[in-house]
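Participant: Fold the stuff below for me.
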Amino acid sequence: MVALSGAHTIGRAQCVTFRNRIYNESNIDTSFAISRRKSCPAANGSRDNKEANLDVRTPDRFDHNYYKQLLSNKGLLTPDQVLFNNGPTDSIVVSYSRSVRSFYRDFVTAMIKMGNISPLTGLGLGIRFRFGCIRFRLVWIW
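Facilitator: Below you'll find the model as predicted:
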């Protein structure tokens, strides 16, 4: 999951998805939060669709800067910062922040494994999993 999350080195997120993080969470760099608040007001419904880059330094380049941001509490999304928050995945984040080759290798391996997962078939069958504080449920209906 840590390697796959590195896909966030490219892309953008809407204000509605990170508003709570930049206004209410404590494990965030203060200057980073203040800079994100300039385009994402505290009020719900106000500029909800305004977007911000997930990777501030190199938003259009697939590299390992995403992990470097996590080391300094500059993960835009809560599930991203959970990867580096005094937990069991901290050492992996540090490793990827130091070695782009290690990140690339593990990302490719993880993508291949994920691509080889066969979906369950039948009515209402699905997969449930938890990533950080967010729970997901994938359901296939045939």
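Participant: I'd say residue 100 and residue 65 touch.
Facilitator: No. Using Cβ atoms under 8 Å, residue 100 makes no contact with residue 65, being 9.2 Å away. Glycine gets a C-beta too; all of them are placed from N, C-alpha and C.
Participant: Neighbour count for those two, which is higher?
Facilitator: residue 65 (18 against 15; other Cβ atoms under 10 Å).
Participant: Now for that one: which residues touch it?
Facilitator: Contacts for residue 65 were tallied using Cβ atoms under 8 Å, 6 or more residues apart in numbering; they are 9, 55, 57, 58.
Participant: ok, of those, which come out buried?
Facilitator: Neighbour counting with 16 or more other Cβ atoms under 10 Å marks 9, 55 as buried within those.
Participant: and the two most separated of the contacts of residue 65?
Facilitator: 9 and 57 (9.5 Å; Cβ to Cβ).
Participant: how about residue 103, secondary structure?
Facilitator: Under DSSP: H, G, I helix; E, B strand; the rest coil, the three-state class of residue 103 is helix.
Participant: Without its sequence neighbours, what residue ends up closest to it?
Facilitator: Excluding its sequence neighbours, the residue lying closest to residue 103 (Cβ to Cβ, 6 or more residues apart in numbering) is residue 96, at 4.1 Å.
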